[in-house]
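Novice: fold the following, please.
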Amino acid sequence: MKLSAPTQIVYLIAAVLAILGLLAGPLGVIAALAAYAGWLSFAGWAVLAIGCFMKGM
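Specialist: I've put the predicted structure just below:
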């Protein structure tokens, strides 16, 4: 399996999701998203992983 670098937009989406998860969870800045902090962090990782596995994404 050959991996490729994700595109810039995929990287930015993954980074935004991860930052939202960090702000909602351990830092507690966004209390409305606290229940979804783990899922936001996981979604950021999953988007980045899919971007690496799929060529041109």
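
Novice: remind me which residues of this protein are low pLDDT?
Specialist: 57 (pLDDT under 70).

Novice: just the element for the most centrally placed residue in the chain, please.
Specialist: By CA atoms, centre = their mean, the mean C-alpha position of the chain lies nearest to residue 44, the distance being 1.3 Å. According to DSSP states H and E, residue 44 maps onto helix 37-53.

Novice: tell me the buried residues in that helix?
Specialist: Residues of helix 37-53 classed as buried by neighbour count (16 or more other CB atoms under 10 Å): 37, 40, 41, 43, 44, 47, 48, 51. Any C-beta I mention is one placed from the backbone N, CA and C, and that applies to glycine too.

Novice: just the C-alpha atoms of that helix, please, in CSV.
Specialist: Output of helix 37-53 as CSV, limited to C-alpha atoms (Å, rounded to 0.1, in the frame of the first residue of the first chain):
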residue,chain,number,x,y,z
ALA,A,37,-14.7,16.0,22.4
GLY,A,38,-13.6,12.4,21.9
TRP,A,39,-15.5,12.1,18.7
LEU,A,40,-14.2,15.4,17.3
SER,A,41,-10.6,14.3,18.0
PHE,A,42,-11.3,10.8,16.4
ALA,A,43,-12.9,12.4,13.4
GLY,A,44,-9.9,14.7,12.9
TRP,A,45,-7.6,11.7,13.0
ALA,A,46,-9.8,9.6,10.7
VAL,A,47,-10.0,12.4,8.1
LEU,A,48,-6.3,12.8,8.1
ALA,A,49,-5.8,9.0,7.8
ILE,A,50,-8.2,8.7,4.9
GLY,A,51,-6.5,11.7,3.2
CYS,A,52,-3.2,9.7,3.4
PHE,A,53,-4.6,6.5,2.1
